[in-house]
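In: Dropping the sequence and predicted coords here.
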Amino acid sequence: MTTASPEAQRRTRAFARVIGPYVATFTTIYAIRLPELQGLTGDLFGQPGLMLMLGAMMLAAGLVIIGGHRSWRGPLAVTVSLFGWFVAVRGFLLITTPATIRSGVDATMLSPTAMTVARIFFAALAVMGLVMTYAGWFTGRRAQETVTASAPRKA
């Protein structure tokens, strides 16, 4: 199996630098404050225009990631690509079936077991965000040095 081109690797790290801290920050907050957010979700779903705009922004953000990141070589690249698809699908579902999404959120908020599972899920996503942050910010130099060191020198 061939490796991704240096340009694809740089693009993957660039996406990871943005997505990683965002995911780590917000999913940590969600994992900690999830029980407090029950009223907020009711208010959010009670405003159809806001749900439409949120879904449209999520769909657009997901499509930007999908369109700008076309590499599926390596675990980091797969994670970035899957995140783009996940955001795009969520945005599409918020636009097309907000009532279904709301019923799922309400069921999760009312069940202590589902709430615990959701908090563990968000904590796992936070760890994934930290890994993406590390890979995006701190692995580029080593990879670039390896490529430079292995490149044939011109006389």
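Out: Thanks, I have it.

In: Report all helices and strands that the helix or strand containing residue 123 contacts.
Out: Following DSSP states H and E, one finds residue 123 within helix 112-138. If contacts are counted by 3 or more C-beta pairs under 8 Å, 6 or more residues apart in numbering; DSSP states H and E, helix 112-138 sits against helix 6-33, helix 75-96, helix 98-110. No exception for glycine: its C-beta is placed from N, CA and C like everyone else's.

In: Enumerate the positions of it that are buried.
Out: Residues of helix 112-138 classed as buried under the neighbour-count rule (16 or more other C-beta atoms under 10 Å) are 118-119, 122, 125-126, 128-133, 135-136.

In: What is the nearest of those residues to residue 68?
Out: Closest to residue 68 out of these is residue 136 (14.3 Å), distances taken as C-beta to C-beta.

In: Contacts only, for the closest one.
Out: By C-beta atoms under 8 Å, 6 or more residues apart in numbering, the residues touching residue 136 are 13, 14, 15, 16, 17, 18, 19, 20, 76.

In: State the distance from the third one to residue 133.
Out: Summarising the geometry, the distance separating residue 15 from residue 133, computed by C-beta to C-beta, to the nearest Å, is 12 Å.

In: quick one on the thing from earlier: among the helices and strands packed on helix 112-138, which comes closest to residue 43?
Out: Nearest to residue 43, of these and by C-beta to C-beta, is helix 98-110 at 11.6 Å.

In: Alright, I will stop here.
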